[in-house]
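Asker: just to be clear, the model below is a prediction. Sequence and coordinates:
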Amino acid sequence: MAKMKFPVMKLTDAAADRVREILENSDKPALGLRVGVNKGGCAGMEYSMDIVEEASAGDDVIEEKGVTLFVDPAAVLFLLGTEMDYEVTKFRSGFVFRNPNEVSACGCGESVELKQADPSLLAS
């Protein structure tokens with residue numbers, strides 16, 4: 001499990017609370033939540049989240065606010081600088097990703113177009 005000098009992502013308090021709730025209510029032992037991106041949706045990419053029972057080699061591990069996120073190594077450059085939040089509105093509730101690498105999003109908000117980040121810009 002790789003650890004970077006700066007975190008790939010940050011979590012708001014609301015996101016950490018929701019991750020904790022998901023893990024506590026899991027019907028199987030859970031180490032944390034894996035965040036990644038997959039090809040799909042009308043804009044080209046979708047965020048993915050899965051409960052982690054066992055860490056994978058190469059995962060970037062973020063331990064923040066009492067929860068653990070595992071970032072899929074293939075997604076790191078797409079997620080650098082992202083803030084993960086959890087919002088509840090009148091019409092929906094769910095995780096929201098404020099991603100500086102987002103180029104555009106589809107109208108329904110389910111998929112995004114992402115560019116790879118330049119890690120050298122964040123390291124300084």
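Answerer: On my side now, so go ahead.

Asker: C-alpha from now on. contacts and neighbour counts both.
Answerer: OK.

Asker: so which strand or helix has Gln20?
Answerer: I think there's a mix-up here, since residue 20 is Arg and not Gln. Arg20 belongs to helix 13-24 when assigned by DSSP states H and E.

Asker: specify the beta-bridge partners of the residue nearest the centre of the chain.
Answerer: Nearest to the geometric centre of the chain sits Val35, at 4.1 Å (C-alpha atoms, centre = their mean). Beta-bridge partners for Val35, by DSSP bridges, are Met49, Val71.

Asker: mind checking how far it is from Lys90?
Answerer: 26 Å (C-alpha to C-alpha, to the nearest Å).

Asker: now do Ala57
Answerer: For Ala57 relative to Lys90 (C-alpha to C-alpha), the value is 40 Å.

Asker: tell me the pLDDT of the closest residue to Val8 other than its chain neighbours.
Answerer: Spatially, and ignoring its direct neighbours in sequence, Val8 is nearest to Leu80 (4.6 Å; C-alpha to C-alpha, 6 or more residues apart in numbering). Leu80 carries a pLDDT value of 89.

Asker: quick one, strands of the chain?
Answerer: 9-11, 32-40, 44-52, 60-64, 67-71, 82-88, 93-98, 102-105, 112-114 (DSSP state E).
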